[in-house]
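Student: Quick one: sequence plus predicted model below, questions after.
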Amino acid sequence: MSVTGAPGFRKLVFVVEQGGTIRVLRKETPLDRPFLNISKRVLGPPDDDAGNEQGLLSMAFAPDYGRSGRFYVAYTSRTGDLEIEEFRRSARSGRRADRSSRRHILTVPHRDAPNHNGGHLQFGPDGYLYISTGDGGGTGDPRDNARRTDRLLGKILRIDPTPGRKRPYRIPRSNPFRGKPGLDEIYAYGLRNPWRFSLHGNKIFVADVGQARWEEINSLRRVRAAGANFGWPQYEGKAVFDADRPGADPVTFPALVYSHDDGGCSVTGGYVVTDPTLPDLAGRYLYADFCLGELRSFIPRRGARDDKPVGLTVAFPTSFGIGPKGRVYVAQVDGAVLRLAPVDGDASD
């Protein structure tokens with residue numbers, strides 16, 4: 001499940017459900033009819049084991065959504081592949097999508113295991129669509145996907161989703177592997193399962209779920225992230241995992257790591273908080289751990305030195321989201337969507 005807002009629609013919040021439905025909240029009240037239902041195309045609950053990571057994974061609205069009505073979804077298809085597709089808002093209603101407008105953008109082959117899909121989408125300040133992909137699943141990246149730049153798995157990809165001459169999208173001129181050995185779509189590599197990432201100003205934050213010991217958050221300027229090797233499977237966090245499998249480039253180590261010793265199991269990446277009703281969190285990157293549920297934050301330029309608890313615990317947080325006015329939402333594994341609100345004062349939208 002993921003949560004997001006749409007440019008130009010200040011009263012609507014969109015909730016992506018793993019089973020293949022996108023629902024709309026208006027003033028935080030669910031509307032009766034879904035915005036989009038593509039459950040027949042999606043491999044996810046109730047088709048697969050509820051513990052698996054497949055399904056409708058995220059959505060991103062084009063920066064000009066108010067005019068173009070274009071938005072993008074990432075989901076696992078019935079074959080297990082990761083699919084990126086474009087849809088458009090219905091001409092009849094801003095609260096519904098036109099399912100017939102579907103346009104295929106990109107397929108990332110992913111048929112060997114049901115986990116480590118990645119599947120997060122976000123447009124950057126540069127106007128390009130960023131896409132996360134997991135390493136394809138299995139213990140220790142057995143198919144050696146993450147460190148190889150001739151494969152799309154275990155990566156952050158970056159594309160311009162407008163149609164090109166030979167593909168349904170274009171490659172930004174500044175992509176690090178364009179015209180060089182490696183796939184043009186790759187922006188960064190060496191990731192295990194970047195379930196959630198976010199972009200804020202000139203920075204990118206990539207939360208990468210670890211194997212068995214370490215969780216990590218990579219926080220760096222986007223210009224430095226271009227072509228970066230985040231280390232998996234040579235490293236898990238900052239610890240050596242498989243010294244015999246280095247990437248082609250020096251490792252860019254994470255800004256923050258934490259171990260599983262205290263009960264952590266899977267990092268849930270978040271966002272830099274801009275909600276004016278949450279001044280104590282202003283400018284801080286917010287994240288959590290799925291098992292611990294404790295919300296934590298740090299100032300990006302300080303990283304781990306500034307890491308501290310927020311004072312809230314949420315049961316099994318799967319995703320953070322940013323809605324209208326910068327409001328911060330947290331989705332739980334049971335389907336609940338919570339909004340962070342000030343202890344005192346007006347918490348209404």
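Tutor: Thanks, I have it.
Student: just so I have it, where are all the helices in the chain?
Tutor: 65-68, 222-225 (DSSP state H).
Student: now the first one, how far from the centre of its chain.
Tutor: On the basis of CA atoms, centre = their mean, to the nearest Å, helix 65-68 is displaced by 22 Å from the centre of the chain it belongs to.
Student: quick one: low-confidence ranges for the stretch 1-150 of the chain?
Tutor: Within the stretch 1-150 of the chain, the stretches with pLDDT under 70 are 47-51.
Student: Please repeat the previous calculation with a cut-off of 50.
Tutor: Applying pLDDT under 50 to the stretch 1-150 of the chain flags the ranges 50.
Student: Minimum distance to H104: which of the helices of the chain has it?
Tutor: helix 65-68 (17.7 Å; CB to CB). All C-beta atoms are positioned from the backbone trio N, CA, C, and that covers glycine.
Student: which residues sit against that closest one?
Tutor: 6-9, 62, 71, 88-89 (CB atoms under 8 Å, 6 or more residues apart in numbering).
Student: and those residues, which are buried?
Tutor: 6, 9, 62, 71, 88-89 (16 or more other CB atoms under 10 Å).
Student: Which ones among the residues you listed lie within strands?
Tutor: Judged by DSSP state E, these include 6, 9, 71, 88-89 as members of strands.
Student: Closest one to T313 out of the residues you listed, please.
Tutor: Using CB to CB, these come closest to T313 at A6, 29.7 Å.
Student: Please tell me how far the nearest residue to the closest one once chain neighbours are set aside sits from R305.
Tutor: Sequence neighbours aside, F61 is the residue nearest to A6 in space, at 4.7 Å (criterion: CB to CB, 6 or more residues apart in numbering). To R305, F61 is 35 Å away according to CB to CB, to the nearest Å.
Student: Compare these two (neighbour count), which wins?
Tutor: Comparing F61 with R305 by neighbour count (other CB atoms under 10 Å), the higher total belongs to F61, at 23 against 10.
Student: List the residues that contact the more buried one.
Tutor: Counting by CB under 8 Å, 6+ apart, F61 makes contact with 4-7, 70-72, 123.
Student: Try it again at 10 Å.
Tutor: F61 makes contact with 4-9, 14, 68-72, 89, 121-123, according to CB atoms under 10 Å, 6 or more residues apart in numbering.
Student: repeat for K11
Tutor: 5, 24-28, 323-324, 349.
Student: Format the residues you listed as JSON lines; extra columns: distance to L56.
Tutor: Putting the contacts of K11 into JSON lines (distance: CB to CB, whole Å) gives the following:
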{"residue": "G5", "distance to L56": "18"}
{"residue": "V24", "distance to L56": "15"}
{"residue": "L25", "distance to L56": "17"}
{"residue": "R26", "distance to L56": "21"}
{"residue": "K27", "distance to L56": "24"}
{"residue": "E28", "distance to L56": "21"}
{"residue": "G323", "distance to L56": "18"}
{"residue": "P324", "distance to L56": "22"}
{"residue": "D349", "distance to L56": "25"}
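Student: In strands, which of those residues appear?
Tutor: Per DSSP E, the contacts of K11 map to strands at 5, 24-26.
Student: Restrict those residues to the buried ones and give me that as a PyMOL selection.
Tutor: Applying 16+ other CB under 10 Å to the ones in strands among the contacts of K11, the buried members can be selected in PyMOL as follows:
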select buried, resi 5+24+25
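Student: Nearest to A188 among the ones in strands among the contacts of K11?
Tutor: Nearest member of the ones in strands among the contacts of K11 to A188, counting by CB to CB, is G5, at 25.9 Å.
Student: Skipping adjacent residues, who's closest to the closest one in space?
Tutor: Going by CB to CB, 6+ apart, G5 has G323 as its nearest residue, at 4.1 Å.
Student: closest to R111 out of the helices of the chain?
Tutor: Closest among the helices of the chain, using CB to CB: helix 222-225, at 28.4 Å.
Student: so for the closest one, what's the average pLDDT?
Tutor: Summarised as a single mean, pLDDT over helix 222-225 is 95.
Student: Report the buried residues of it.
Tutor: 222, 225.
Student: Who are the packing partners of it?
Tutor: strand 155-159, strand 186-189, strand 196-200, strand 203-208 (3 or more CB pairs under 10 Å, 6 or more residues apart in numbering; DSSP states H and E).
Student: Could you rerun that using 8 Å?
Tutor: strand 203-208 (3 or more CB pairs under 8 Å, 6 or more residues apart in numbering; DSSP states H and E).
Student: Return the residues in contact with the closest residue to L312 other than its chain neighbours.
Tutor: Leaving aside its chain neighbours, L312 sits nearest to L295 (4.7 Å; criterion: CB to CB, 6+ apart). Residues near L295 by CB under 8 Å, 6+ apart: 286-288, 309-314, 317, 330.
Student: Show me those that map onto strands.
Tutor: Checking those against DSSP E, those in strands are 286-288, 309-313, 317, 330.
Student: Can you say which of those are buried?
Tutor: Judged by 16+ other CB under 10 Å, buried ones among the ones in strands among the contacts of L295: 286-288, 310, 317, 330.
Student: I'd like to know which of those residues is nearest to Q18.
Tutor: For these, the nearest to Q18 is P317 (14.5 Å; CB to CB).
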